[in-house]
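can't give you the sequence, but here's the structure:
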């Protein structure tokens with residue numbers, strides 16, 4: 001048998017032994033409690049509602065888990081105003097998703113609308129590395 005065959009068998013045996021020891025070992029909780037900070041209280045993260053808007057090739061927008069179709073920016077504006085009223089004081093953010101085949105102007109128009117309304121936004125982009 002060649003040298004590489006012995007090395008492979010040795011690695012197999014070592015891994016079997018390692019996993020065997022791990023499976024039979026017991027992990028006890030430490031008797032030492034780590035110190036707690038009195039300087040910085042633990043705060044809950046800020047709650048934020050996220051509205052997803054998917055932009056299609058023909059400029060229509062899908063909302064409500066892509067179950068409702070909006071045909072214009074005016075309809076999107078009315079929808080976002082409705083959502084803003086629904087959430088009340090809870091901050092809202094819009095995540096814009098664009099189809100790869102959709103013209104960029106539809107995405108930029110929706111982003112501009114969010115800016116005009118004072119709503120935070122993010123744009124999801126898929127990077128295509130096949131060049």
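Good, I have the coordinates. Nothing here was measured: the structure is a model prediction, and the numbers come from that model.

dump the residue contacts of the closest residue in space to residue 92 that isn't next to it in sequence.
Distances taken as CB to CB, 6 or more residues apart in numbering place residue 49 nearest to residue 92, at 4.9 Å, with adjacent residues excluded. Every C-beta, even on glycine, is put in place using the N, C-alpha and C of the backbone. Residues in contact with residue 49 (CB atoms under 8 Å, 6 or more residues apart in numbering) are 83, 87, 90, 91, 92, 93.

quick one: which of those is nearest residue 9?
Nearest to residue 9 among these is residue 93, at 55.6 Å by CB to CB.

who does that closest one bridge with?
Taking DSSP bridges as the rule, residue 93 bridges to residue 50, residue 120.

what about it, distance to residue 6?
Separation of residue 93 from residue 6 (CB to CB, to the nearest Å) stands at 59 Å.

cool, and residue 104?
Taking CB to CB, one finds residue 104 at 59 Å from residue 6.

next, the buried residues of the helix or strand that contains residue 114.
Using DSSP states H and E, residue 114 maps to helix 104-117. In terms of neighbour count (16 or more other CB atoms under 10 Å), helix 104-117 has its buried residues at 106, 107, 110, 111, 113, 114.
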